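Student: Compute the structure for the input listed below.
(chains A, B, C and D)
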Number of protein chains: 2
Amino acid sequence: MRESTGGTRERIKAVALELFTEQGYEKTSLREIAERLNVTKAALYYHFKSKDDIVASFVEDRLEQMDALTAWADSQPATLATRRALISRYADTMFGGDMPSVMRFFEQNQTVLKSLSSGQQMRGRMMRLASALCRGDDSPAAQLRATLSLFAVHTSWFAVRAPGISDGERRRLALEVADELLAAIGAEPDEDSASTSTAGARG
Amino acid sequence: MRESTGGTRERIKAVALELFTEQGYEKTSLREIAERLNVTKAALYYHFKSKDDIVASFVEDRLEQMDALTAWADSQPATLATRRALISRYADTMFGGDMPSVMRFFEQNQTVLKSLSSGQQMRGRMMRLASALCRGDDSPAAQLRATLSLFAVHTSWFAVRAPGISDGERRRLALEVADELLAAIGAEPDEDSASTSTAGARG
DNA sequence: ACCTGAACACCGTTCAAGT
DNA sequence: ACCTGAACACCGTTCAAGT
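Tutor: Numbering: from 1, shown residues only, chains lettered A, B, ... in the order given. Okay, the predicted model is just below:
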């Protein structure tokens, strides 16, 4: 095992991901990261171009994962079953053993990520995923439902307060609610919707 | 009209709210705010104890509004009608003419707000609102649905991309989807869950 | 190739001093 | 009461210099 060669770069990534997720990107200083690794601040700049670049480094893998997911969805028929399979796979990447922390980092740091290029890329992929989820129904309501079904997955691990709830149960819960939202996509337009009056322009 | 006396403090609040919402709290420097008002950075510290304190100043009104909302909900019967009325009133404070920007600021700055005391207060109120929304059904699924219905209101003004969609239409859209989520709260536990059709429990 | 030391401009904050 | 000027420690970033 060679841990002296390429080790430092990976150690920086690991420590940064941990601290960024715990305390937030802005609140975590490079000095803090450097101290944990017993190097100087300047040393970080040998391995990364900037603070943003550290984020970009552990974002790229995730982007490919998202792309694969969207590509798969586009190759499937635009049915409810596909939508459900898609959200289930998405939940896998969120709760799965691989890299749960990367996605949690995103949930935690949405704001800052808007100005970071890697963050914008990630946002773009989320939009595409949402689009894939409401393929065949481009109504505003469908967009909102699709987006919320993704949010259900994200939300389930912080909005649900229960004594000893497991990750598996959170996942199941998220999918239960997400499925309901997805089931309402592509259905025939509402005849007796909540408020008869405000018709709403079609097309 | 006296604009020389108490004017400065209000002007600081206004400019700060605008810049914080546009660019984010961390990315906006006090120098930037001061320059817009033709004063020095130090002048801001006469009116506010710290940068955080500026946020706290325009948060307090909102807290009272949230408290009033929760209190009203608690005084009503725990029915679907109450839940729908509550989310509708919440949407009013989000889309209403009063102070739409304060809530948008929150949506934009969630991350930073976690470490700010005023942000934690706000989070607390959101939790209480969610609890009020699922009163009578304390199951994890109900919590998730309640939280997502609030998110529907927040999400409707950035997740829905449509040519010339108005604020009113976004509001109506949000409530349409939120109502569906709320209708599933307090219903008898699922016997034949997710599958069948889009049936949906009628409260 | 890998890292240090010292400097840079900027940040939020403080405080004595001015009117 | 209201604001300035100058200083403080900290931040991200750069770069010549060391091995």
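Student: for the top helix by length along chain A, what is the average pLDDT?
Tutor: When chain A is parsed with DSSP state H, its longest helix is helix A:51-75. Helix A:51-75 carries an average pLDDT of 92.
Student: buried ones in it?
Tutor: A:51-52, A:54-59, A:62, A:65-66, A:69-70, A:73 (16 or more other Cβ atoms under 10 Å in any protein chain shown). Where C-beta positions appear, they are placed from N, C-alpha and C, glycine not excepted.
Student: how about these in JSON lines, adding distance to residue B:93?
Tutor: Putting the buried residues of helix A:51-75 into JSON lines (distance: Cβ to Cβ, whole Å) gives the following:
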{"residue": "A:51", "distance to residue B:93": "37"}
{"residue": "A:52", "distance to residue B:93": "35"}
{"residue": "A:54", "distance to residue B:93": "39"}
{"residue": "A:55", "distance to residue B:93": "34"}
{"residue": "A:56", "distance to residue B:93": "38"}
{"residue": "A:57", "distance to residue B:93": "41"}
{"residue": "A:58", "distance to residue B:93": "38"}
{"residue": "A:59", "distance to residue B:93": "35"}
{"residue": "A:62", "distance to residue B:93": "35"}
{"residue": "A:65", "distance to residue B:93": "38"}
{"residue": "A:66", "distance to residue B:93": "34"}
{"residue": "A:69", "distance to residue B:93": "36"}
{"residue": "A:70", "distance to residue B:93": "36"}
{"residue": "A:73", "distance to residue B:93": "37"}
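Student: The residues you listed: which ones sit near DNA strand D?
Tutor: A:51, A:52 (Cβ under 7 Å from any atom of the strand).
Student: Go through the buried residues of helix A:51-75 and say which is closest to DNA strand D.
Tutor: residue A:51 (3.4 Å; Cβ to the nearest atom of the strand).
Student: That closest one is in contact with residue A:30, isn't it?
Tutor: Yes: counting by Cβ atoms under 8 Å, residue A:51 does reach residue A:30; the two are 6.2 Å apart.
Student: The longest helix of chain A packs against which elements?
Tutor: Applying 3 or more Cβ pairs under 8 Å, 6 or more residues apart in numbering or on different chains; DSSP states H and E, we find helix A:51-75 packed against helix A:7-23, helix A:80-95, helix A:100-108, helix A:117-133.
Student: do the helix or strand just after the third one and DNA strand C meet at all?
Tutor: Going down the chain from helix A:100-108, the next helix or strand is helix A:110-113, by DSSP states H and E. No: when contact is scored as Cβ under 7 Å from any atom of the strand, no part of helix A:110-113 falls within range of DNA strand C; the minimum is 14.2 Å.
Student: what about helix A:110-113 and chain B, any contact?
Tutor: Yes: with Cβ under 8 Å from any Cβ of the partner chain as the criterion, chain B is reached by helix A:110-113 at A:110, A:111, A:112.
Student: between these, which is closest to residue A:136?
Tutor: residue A:110 (28.6 Å; Cβ to Cβ).
Student: what's the next secondary structure element after the helix or strand hosting residue A:151?
Tutor: Assessed by DSSP H and E, residue A:151 sits inside helix A:140-155. The C-terminal neighbour of helix A:140-155 among helices and strands, as given by DSSP H and E, is helix A:167-183.
Student: My guess is residue A:87 contacts residue A:180. True?
Tutor: No: the pair residue A:87 and residue A:180 fails to qualify as a contact (Cβ under 8 Å) at a distance of 11.2 Å.
Student: what residues are up against the residue lying closest to residue A:86 once chain neighbours are set aside?
Tutor: Spatial nearest neighbour of residue A:86, chain neighbours left out: residue A:73 (4.8 Å); criterion: Cβ to Cβ, 6 or more residues apart in numbering or on different chains. Each residue near residue A:73 by Cβ atoms under 8 Å, 6 or more residues apart in numbering or on different chains is listed here: A:82, A:86, A:129, A:132, A:133, A:135.
Student: Also residue A:24?
Tutor: With contact taken as Cβ under 8 Å, 6+ apart, residue A:24 is in contact with A:108, A:109, A:112, B:111, B:112, B:114, B:115.
Student: Give me the pLDDT for the one residue in chain A that gets nearest to DNA strand C.
Tutor: Residue nearest to DNA strand C within chain A (Cβ to the nearest atom of the strand): residue A:42, separated by 2.9 Å. On pLDDT, residue A:42 comes in at 98.
Student: Now it: which helix or strand?
Tutor: Using DSSP H and E, residue A:42 falls within helix A:41-47.
Student: in chain A, what spans have low per-residue confidence?
Tutor: Residue ranges of chain A with pLDDT under 70: A:1-6, A:97-104, A:188-203.
Student: 80 instead?
Tutor: A:1-6, A:61, A:96-115, A:157, A:187-203 (pLDDT under 80).
Student: domain ranges for it?
Tutor: A:1-49, A:52-188 (automatic domain parsing).
Student: most tightly surrounded among the ones you listed?
Tutor: When these are scored by mean count of other Cβ atoms under 10 Å in any protein chain shown, the highest mean neighbour count falls to domain A:52-188 (a mean of 18).
Student: Now do that domain: distance to the chain's middle.
Tutor: Centre-to-centre, domain A:52-188 and its host chain are 5 Å apart (Cα atoms, centre = their mean, to the nearest Å).
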